[in-house]
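Participant: no sequence on hand, only this structure:
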């Protein structure tokens with residue numbers, strides 16, 4: 001297999017690198033970085049597979065290696081300027097966190113739980129909350145963020161976060177006051 005890039009392959013690498021940099025809209029990487037990574041990955045592939053002769057297979061492998069190399073570089077890069085708010089958002093969640101039963105319940109086979117029904121009622125009540133309130137509770141209880149940190153992440157005031165927190169807890173308490181909430185949800 002020829003390790004030298006053809007003019008068509010070089011043009012493809014250049015065009016793809018420019019497209020990735022354009023859509024990335026970040027100065028953390030440039031087209032030359034991507035082109036170098038793709039060329040190196042292709043050279044390494046050619047070294048590992050010197051006896052490959054089928055042109056169609058070589059072409060498919062070329063596209064896979066080039067795209068994979070560029071995606072790896074982009075995935076490992078980060079924006080040049082990262083604000084504190086952006087850092088907090090990256091540490092927390094990009095999208096509001098919703099509670100799933102499989103994630104919340106950690107019950108081992110054969111264990112006895114006296115409060116199983118109460119726990120299921122709490123989970124069902126959490127699922128009924130709006131996503132923003134679920135996110136606030138998750139950040140507060142699971143991640144141990146303060147209300148100030150949560151306010152920075154959501155880009156709202158601290159009083160808005162505390163009101164939403166209190167509203168969520170009140171909604172859960174109200175739901176738990178209803179008898180056998182979990183059983184009602186299972187029958188639907």
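Facilitator: Yes, it's here. Keep in mind the model is a prediction, meaning the values are calculated, not measured.

Participant: what residue ranges in the protein score low on pLDDT?
Facilitator: Applying pLDDT under 70 to the chain flags residues 1-2, 23-28, 78-115, 179-188.

Participant: what about 80?
Facilitator: Residues of the chain that meet the criterion pLDDT under 80 lie in 1-3, 21-29, 74-121, 142-143, 178-188.

Participant: distance check, residue 45 against residue 73.
Facilitator: 16 Å (Cβ to Cβ, to the nearest Å). In this view, the C-beta of every residue, glycine as well, is placed from N, C-alpha and C.

Participant: could you do residue 176 as well?
Facilitator: Taking Cβ to Cβ, one finds residue 176 at 50 Å from residue 73.

Participant: higher neighbour count, those two?
Facilitator: Per other Cβ atoms under 10 Å, whichever of residue 176 and residue 73 has more neighbours is residue 73, with 19 against 14.

Participant: how close does the spatially closest residue to the more buried one that is not a sequence neighbour sit to residue 64?
Facilitator: Spatial nearest neighbour of residue 73, excluding adjacent residues (Cβ to Cβ, 6 or more residues apart in numbering): residue 37 at 4.7 Å. Residue 37 is 14 Å from residue 64, where distance means Cβ to Cβ.

Participant: who's more crowded, the two?
Facilitator: Set side by side, residue 37 and residue 64 show more neighbours around residue 37, with 22 against 12, by other Cβ under 10 Å.

Participant: count of residues packed around residue 48?
Facilitator: For residue 48, using other Cβ under 10 Å, the count is 8.

Participant: and residue 18, by the same measure?
Facilitator: 14.

Participant: which residue ranges of the protein form helices?
Facilitator: Taking DSSP state H as the criterion, the chain carries its helices at 7-24, 31-48, 55-76, 84-91, 101-104, 116-128, 131-137, 147-154, 158-177, 181-187.
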